[in-house]
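Colleague: have a look; sequence and predicted model below, questions after that.
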Amino acid sequence: MKRYAPLAVVVVLAILACAAGPAAVSAQAKDTLTVALPSHAPTLDPHMHFERVGILVNINMFDSLLHRNTKLEFEPSLATSWKPLSDTQWEFKIRKGVRFHNGEIMTPADVKYSFDRVIDQTKKSPQYGNVRAIKEIKVVDGETIHLITDKPFPLLLERLVFFPIVNKKHVEAVGDQAFGTSSPVGTGPWKFVEWKRDQLIRLEAFDQHWRGKPAFKNLIFRAIPEVATQVAEIKTGGVDLIRNVSADIQPELKTHPVAYISSTPILRVHWIAFDMRSAPFDKKAARQAANYAIDKQTIIQRLMAGLGKQVATTVQPLAFGFDAEVKPYPFDQKKAKELLAQAGYPNGVDITLHSASVANRPEFEALGQMLTEVGLRATPRLWDPGPAWNKFSQGEGKGTHGVYGTWGNYSVFDADAVLHPLYHTEPGGWYGKWYARVEGLDKLIDEARSSVDQAKRKRLYSQIQQMIREEAPSAFLWTQYDTLGISKKVQYAARPDEWLWLFDAKPAAR
Amino acid sequence: MAIGTLAPPLDVPAGPAPVAERSRIWRKFVRNPAALAGALVLLTVIGAAIFAPYVAPHDPTRQSLIRRFTPPVWTQTGKAAHLLGTDQVGRDILSRMIHGARVSLIVGISAVVVSLIVGVTLGLLSGFLQGRVDTVIMTVVDVTLSFPQLLLALAFVAALGPSLVTIIIVLGLTGWERYTRVVRAEVLALREKDFVEAARAIGASPTRTLLRHLLPNTFSSIIVMSTLQVAQAILQEAALSFLGVGTGSAYPTWGQMIALGRDFVSVAWWLPTFPGLAILLTVLAINLVGDRLRDALDPRVI
Amino acid sequence: MLTLLVRRVARLVVVLVGVSLVTFAILQVSGDPVALMMPEAPESDRAVLREAMGFNDPLPVQFARFVGSIARGDFGQSFFHREPALPLVLDRMPTTLLLTVLAMGLSLVLAVPIGIVSAIRRNSAFDHTATLVVFLGTSMPVFWTGIMLILLFAVQFRLLPVSGWESWAALILPGLTLATFSTPLLLRIVRSSMLEVINLDYVRTARAKGVSEWFVICRHALTNAALPLVTVAGLQFGLLLGGAVITETVFAVPGVGRLIVGAIRQLDFPIVQAGVFLLALIIVLVNFAVDMLYVYLNPQIRVR
């Protein structure tokens, strides 16, 4: 009977041989750039989602009126120049001769149409809130439009950096649905080829792009949810660019023969929203105690490889309105204990902290321990991001006694984009509505967001930062860096707005 | 006959294992070195779980950011204080594994208890009452078997919020139908036996007679099945942790340790590897013991 | 035979109604769907939508309507994708089915020969080693097996792509990973069924008559082993289909499991309902087919 024994071995070997046979191991074409994203957005229609992973794809297919360079200055894109005509009216000159991927020439009518489809509430664009203030778009002549806002709107230019212009004729011909799934047409450096959901989005260089042809002929966005898989892919050349490389993986990629690391400070700020509706954080002394209890430097150095910057409030150093005069809470456990006693908890108190920032679990657990050490005995609970988002922020506000999270301002470099969602109570930001109860703060935020006098806004934001530093509606932690892992065959650098503007990517010189 | 009930309960040895046979079963069991080794591993794990606070060298939740990613003691930069190294926030891995044994076993065993309670009760009801009740219960079994259970568990844990109790209940409610089928089949088979009739004839309650014969008859198969289900539940908890809805607490389970350590596998291999080995050895041990138990309890294969 | 078929089909319908009941319940236990659909709207707006969508009707009425919509293939619009849910799910289904069938095939290819040899050479070193190796695979969390296979075959040996679904080579590792889950049980079935028949008189007789050993095994033994094998393979198919999501996630396979997990995260209930229902439907149909095959393979049942 012995002759059957080899049978199984043969079968196993056959499978392995099949495996070795194709060996289609990513000897990728030199003119292809492959980017790994954790997932795809629900649509390629740039107006009908508001997801980071979708924006990163859209910006390479569509242009907006303005562009932001790596120094964070506004640059002309589809608008060649712009100027305010009054507090509520702006004039934009539109670039001439720009072609859409379908060959049509872009006109001011396309610009007007693009705004109209977001402002039209029946279309339910998730970006409606960004441009709510725009009341009317007037086509003045063949190269001029006027934007009219219902009140002074200081964030207008910020909002126009991601506001893609679409082709009216095309969208109306194919319909909104098909436009988003099978036939997106823009003016950007790459044009659409195919989309296999949750697998890949394939783009091809657009020869007639007004900036010129991009360096890479093919651009592919793969959807790879697993971090370990992404890292394995970049090491074997299966993809050329991965995002959000954690501090602990970086040393390995830094010394790797096929990849390198590029980091830059970004807006994303970490904070704990204290639930000011209930004990113990209804007491200012308890909130301050928590701020004193956290050793931010140790976390930044030990957990984040130094790629972070401690902050005095949640207003980021990169944002307009940041006041460097307001200083961070120092690490002082003795002071923290005193303040906690003063708040009425000489023997400490048990608290629960919630978070949905799965990627920041080590930081979250370290925070829990640091608070525990001064008597704020914290139980950290980590939740699945989806349901938690509804539970803790906009939907229900059930994050007693605090929620640890991060906020990236949706890449708007202005203090308003962090202050309003975090602290405004009525009608209320995502978190502020539930957790923040600082008297007089709403009024100051409203005042600053309805003025276009930047000097006055700066003064107001300084005042706000002093105020929240003292009142401590949050534990103020740090801002982080964005870190990309990039294949050595590609030349590219991380941007402070976390964008992947791949027109700047070039094949590495050999 | 129900769709799901057509299939014979495969995990189940036929027939009883009377007392007289016990020594034979025991001899069959110990003759197998793999099963003995498995039993030893299991005893060690259970011992670690019970005496966790006394045998663990450190507090499993105690962090030290300075000592994070200390490698195991036998490597060049290892420290004697941390035999198996430390994790991403500097907690002692060995201590976490010892305490993790506790939670993992609690999850596994409690889930099985939930399954047993639901499954055996429904099986008895179904077998005894027959008729409409039987039809309804077996339909429920069929429906349960038709669902993608992991996804359903994920949906419920996500909706209810991650916690130990949620996980136990959800895992328990996705594994009970096997017991229902075994118990029901046994009840139905016994009803037809002569001695039940005889008992009725001499005035004994047939229900009581059935129960008295039922227990020893199904005992062995239920033991084997629940042993294997403990292993499954441990793996399922790991799967849920991987999908982001574990127990959600800082107190470890093995599954959670692997799920969280996997991102660091290329820089600190010891993070996921040791808890991975712990699951591997334990589940393997359970499988080997359960497997051998089945062989030993099964009179067909001698 | 015909009455049997009719009864089975009736049964199928009853089970499907039960399946839709549980699917319906997913939305009910998760709270107020209207609050999820319009989180920022004031309560008055929500009340209007609630009335319009019929959420104020008694539950049985809602359930009847739900079953009606399902029968028409209408699971509603995905909140997240803003497209009908069913086509989105159907679009991914072939990928998951292919992965599952591949894993099932690999399992059988491994389990049948190894099981036969193990049975013939019972308690030999081969038997013990085969059992151990196969059980090793099933004793690890599936995602861990997957990551290990990636590190070994894709990163270390560079034999296969790390992930994706673009080439045939890319299917091998995910197929193998999923197969580790189902192989051991199938192996056990083959081995023990073989043990049962191998000593039966007619097999011995056949052997004694000098018929080639292969022929004996294939003709008699394997036919008998087929019965339990088919049953277990059917049940395993359902488990693989639902468990594929882990493998899909590790290997970035664009399957329906990932779509459903994503939808659970987004609280996108139409997708969750459509996905879970469709998977359940497939499992029910596979079980039904197994039942029929079982009747075909085992003539005794036909008589009853």
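Modeller: Arrived safely, thanks for sending.

Colleague: tell me which residues touch residue A:72, please.
Modeller: A:318, A:413, A:496, A:497 (Cβ atoms under 8 Å, 6 or more residues apart in numbering or on different chains). (Each C-beta comes from the backbone N, C-alpha and C, glycine too.)

Colleague: show me where the stretch 251-400 of chain A has its helices.
Modeller: Assigned by DSSP state H, counting those that start in this stretch, the stretch 251-400 of chain A shows helices spanning A:284-293, A:296-303, A:333-342, A:361-373, A:385-392.

Colleague: picking that back up, include distance to residue C:235 when you put the contacts of residue A:72 into JSON lines, please.
Modeller: Listed next are the contacts of residue A:72 as JSON lines, based on distance: Cβ to Cβ, whole Å:
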{"residue": "A:318", "distance to residue C:235": "57"}
{"residue": "A:413", "distance to residue C:235": "57"}
{"residue": "A:496", "distance to residue C:235": "54"}
{"residue": "A:497", "distance to residue C:235": "52"}
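
Colleague: pretty sure residue A:109 sits in a helix.
Modeller: Yes: counting by DSSP: H, G, I helix; E, B strand; the rest coil, residue A:109 falls inside a helix.

Colleague: what residues are up against the closest residue to chain B within chain A?
Modeller: Nearest to chain B, among the residues of chain A, is residue A:302, at 4.0 Å (Cβ to the nearest Cβ). Taking Cβ under 8 Å, 6+ apart, we find residue A:302 in contact with B:65, B:66, B:68.

Colleague: spatially nearest residue to the first one, not counting backbone neighbours?
Modeller: In space, not counting the residues next to it along the chain, residue B:65 is nearest to residue A:302; the distance is 4.0 Å by Cβ to Cβ, 6 or more residues apart in numbering or on different chains.

Colleague: phi, psi of the closest residue to residue A:410 other than its chain neighbours?
Modeller: Excluding its sequence neighbours, the residue lying closest to residue A:410 (Cβ to Cβ, 6+ apart) is residue A:417, at 6.6 Å. As for residue A:417, its main-chain torsions (degrees, to the nearest 10) stand at phi -70, psi -10.

Colleague: per-residue pLDDT, residue A:417?
Modeller: At residue A:417, the model reports a pLDDT of 92.

Colleague: might you report the residue contacts of it?
Modeller: So residue A:417 contacts A:155, A:158, A:319, A:409, A:410 (Cβ under 8 Å, 6+ apart).

Colleague: any idea how far the residue of chain A closest to chain B is from residue B:59?
Modeller: 19 Å (Cβ to Cβ, to the nearest Å).

Colleague: same check, this time on residue C:191
Modeller: Using Cβ to Cβ, residue C:191 is found at 47 Å from residue B:59.

Colleague: ok, the two, which is more surrounded?
Modeller: Of the pair residue C:191 and residue B:59, residue C:191 is the one with more neighbours under other Cβ atoms under 10 Å in any protein chain shown, namely 23 against 13.

Colleague: please identify the helix or strand for the nearest residue to the more buried one once chain neighbours are set aside.
Modeller: Of all residues not flanking residue C:191 in the chain, residue C:115 sits nearest, at 4.3 Å (Cβ to Cβ, 6+ apart). Per DSSP states H and E: residue C:115 is located in helix C:85-120.

Colleague: same for that helix, what does it pack against?
Modeller: helix A:5-20, helix C:125-138, helix C:169-198, helix C:223-250, helix C:256-266, helix C:269-297 (3 or more Cβ pairs under 8 Å, 6 or more residues apart in numbering or on different chains; DSSP states H and E).

Colleague: what about stretch B:220-230, average pLDDT?
Modeller: On average, stretch B:220-230 scores 84.

Colleague: for the residue lying closest to residue A:136 once chain neighbours are set aside, give its distance to residue A:461.
Modeller: Nearest non-adjacent residue to residue A:136, counting by Cβ to Cβ, 6+ apart: residue A:148, 4.4 Å away. Separation of residue A:148 from residue A:461 (Cβ to Cβ) stands at 26 Å.

Colleague: neighbour count winner among those two?
Modeller: Ranked by neighbour count (other Cβ under 10 Å), residue A:148 and residue A:461 place residue A:461 first, with 24 against 16.

Colleague: you'd agree the more buried one is in a helix?
Modeller: Yes: counting by three-state DSSP, residue A:461 is located in a helix.

Colleague: my guess is it contacts residue A:414. True?
Modeller: No: at 9.0 Å, residue A:461 does not count as touching residue A:414 under the criterion of Cβ atoms under 8 Å.

Colleague: quick check: neighbours shared by those two?
Modeller: In contact with both residue A:461 and residue A:414: A:320, A:321, using Cβ under 8 Å, 6+ apart.

Colleague: returning to what we had before: in terms of helices and strands, where is the residue nearest to residue A:136?
Modeller: Assessed by DSSP H and E, residue A:148 sits inside strand A:144-149.

Colleague: give the other helices and strands that that strand contacts.
Modeller: Going by 3+ Cβ pairs under 8 Å, 6+ apart, strand A:144-149 lies up against strand A:89-94, helix A:108-119, strand A:134-141.

Colleague: parallel or antiparallel, list what pairs with it.
Modeller: Paired with strand A:144-149 in the same sheet, following DSSP bridges, are strand A:89-94 (antiparallel), strand A:134-141 (antiparallel).

Colleague: what angle separates the last one from helix A:108-119?
Modeller: Taking axes from the mean of the first three to the mean of the last three Cα atoms, to 10 degrees, strand A:134-141 and helix A:108-119 form an angle of 170 degrees between their directions.

Colleague: quick one: distance of strand A:134-141 to the chain centre.
Modeller: 29 Å (Cα atoms, centre = their mean, to the nearest Å).

Colleague: buried residues in it?
Modeller: For strand A:134-141, the neighbour count (16 or more other Cβ atoms under 10 Å in any protein chain shown) marks A:134, A:137, A:139 as buried.
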